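**Q** could you work out the structure for the sequence below:
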Amino acid sequence: MYGKDWGDRICNLPIGNEGKRDRIVWFHNPHGCFTSKSAYSWFLLKEIRFGLHRFYWKSIWKLDTLPKIRVFAWRVGHELLPTNVKISSIRNGFNQGCPRSGATNETLLHALRDCPISREVLSMGGWDMSVMTKQYDSCVDWLENMMRILEKRAMADLITTLWNCRKQKQNGYEAIIRDDEGFVLGGGGGFIDTKMSVQEAECIAFERSIELASQLNINDDALFAGLANIMNWMLLSLALESRPVELFQQF
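**A** Okay, here's the model as predicted:
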């Protein structure tokens with residue numbers, strides 16, 4: 001890769017200018033000078049983990065992939081994906097274990113790399129698992145190291161594979177209840193770790209909306225009027241099962 005004499009040239013490079021005193025340089029200022037403003041800015045960046053993973057944050061927006069996958073990489077860097085460990089930090093008593101492998105803690109690194117299902121997906125995608133065995137404190141540490149190893153195209157493919165893997169693991173649903181004037185009375189949502197059809201997802205969202213309406217003590221007449229169009233559409237669907245109809249009648 002290099003010429004035979006390049007090693008000697010590198011070793012013979014002078015270190016600094018002779019006769020000049022050494023000085024301390026503040027890395028987080030373009031001029032190398034320490035100021036209170038630059039220290040405060042550095043502290044804020046450190047709080048959002050930008051200072052710790054500067055290379056990662058600069059690289060994710062340059063990935064040759066879809067914008068939504070770049071946003072996924074940004075969410076991974078901030079540990080914003082709904083893993084059980086993340087949810088348990090918000091909800092007391094929530095089980096931190098991995099529902100797929102039975103591991104004690106479903107961290108983001110476990111969900112994307114260490115879970116047996118994730119490792120199988122990565123292996124089938126042609127990734128060398130020997131370079132993915134090193135231990136890291138967080139998922140962003142692992143991905144930043146992979147960015148230093150892989151080419152840009154390969155890194156974009158890895159992020160895309162992780163996005164597809166995570167997308168297939170969880171199906172999300174949400175329900176929002178409004179009054180006649182459009183004012184939001186309440187809402188909720190969640191994720192289900194199972195494969196399902198579009199019709200099944202609609203049924204689960206319908207069931208959760210009825211449960212939410214019951215918790216908020218919504219007037220029966222208002223609820224029936226608001227769900228009339230939904231029921232008409234669902235009754236016409238050939239894939240509709242009896243479960244949502246029974247729930248609607250019981251309510």
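**Q** and the helices in the chain?
**A** Applying DSSP state H to the chain gives helices spanning 6-11, 36-47, 54-60, 67-77, 84-88, 108-109, 116-124, 139-149, 152-169, 198-215, 220-236, 243-250.
**Q** quick one: the nearest residue to Ile159 once chain neighbours are set aside from Gly126, how far?
**A** In this structure, Ile159 finds its nearest non-sequential neighbour in Ala73, 5.2 Å apart by Cβ to Cβ, 6 or more residues apart in numbering. Heads up, the C-betas are built off the backbone N, CA and C, glycines and all. As judged by Cβ to Cβ, to the nearest Å, Ala73 and Gly126 stand 20 Å apart.
**Q** which of those two has more neighbours?
**A** Ala73 (25 against 8; other Cβ atoms under 10 Å).
**Q** ok, the more buried one touching Leu63?
**A** Yes. With contacts counted by Cβ atoms under 8 Å, Ala73 reaches Leu63, the gap being 6.9 Å.
**Q** overlap in contacts, the two.
**A** Taking Cβ atoms under 8 Å, 6 or more residues apart in numbering as the contact rule, Ala73 and Leu63 both touch Ile159.
**Q** from His110, how far out is Gln96?
**A** Counting by Cβ to Cβ, the gap from Gln96 to His110 is 10 Å.
**Q** who has more neighbours out of these two?
**A** Per other Cβ under 10 Å, whichever of Gln96 and His110 has more neighbours is His110, with 20 against 16.
**Q** on the pLDDT front, check Leu162 for me.
**A** Confidence at Leu162, expressed as pLDDT, is 90.
**Q** contact partners for the nearest residue to Asp64 once chain neighbours are set aside?
**A** Excluding the flanking residues, the one nearest Asp64 by Cβ to Cβ, 6+ apart is Ala156, at 5.0 Å. The contact partners of Ala156, by Cβ under 8 Å, 6+ apart, come to 63-65, 69.
**Q** how does it look with 6 Å?
**A** Ala156 sits next to 63-65 when contact means Cβ atoms under 6 Å, 6 or more residues apart in numbering.
**Q** and Gly77, by the same measure?
**A** Per Cβ under 6 Å, 6+ apart, neighbours of Gly77: Val140.
**Q** ok, the one 10 residues further on next?
**A** Taking Cβ under 6 Å, 6+ apart as the definition of contact, the neighbours of Ile87 are Phe94.
**Q** now do it against Leu212, distance only.
**A** 19 Å.
**Q** do the same with Asn12
**A** Counting by Cβ to Cβ, the gap from Asn12 to Leu212 is 74 Å.
**Q** quick one, which of these two is more surrounded?
**A** Leu212 (18 against 7).
**Q** look up how far Cys203 lies from that one.
**A** 15 Å.
**Q** and Gly102, by the same measure?
**A** Taking Cβ to Cβ, one finds Gly102 at 29 Å from Cys203.
**Q** so the two - more neighbours on which side?
**A** The residue with more neighbours, out of Gly102 and Cys203, is Cys203; 21 against 9, by other Cβ under 10 Å.
**Q** which residues are contacting stretch 125-142?
**A** Residues contacting stretch 125-142 (Cβ under 6 Å, 6+ apart): 53, 56, 76-77, 108-109, 113, 123, 161.
**Q** please name the nearest non-neighbouring residue to His33.
**A** That one is not His; residue 33 is Cys. Trp26 (6.0 Å).
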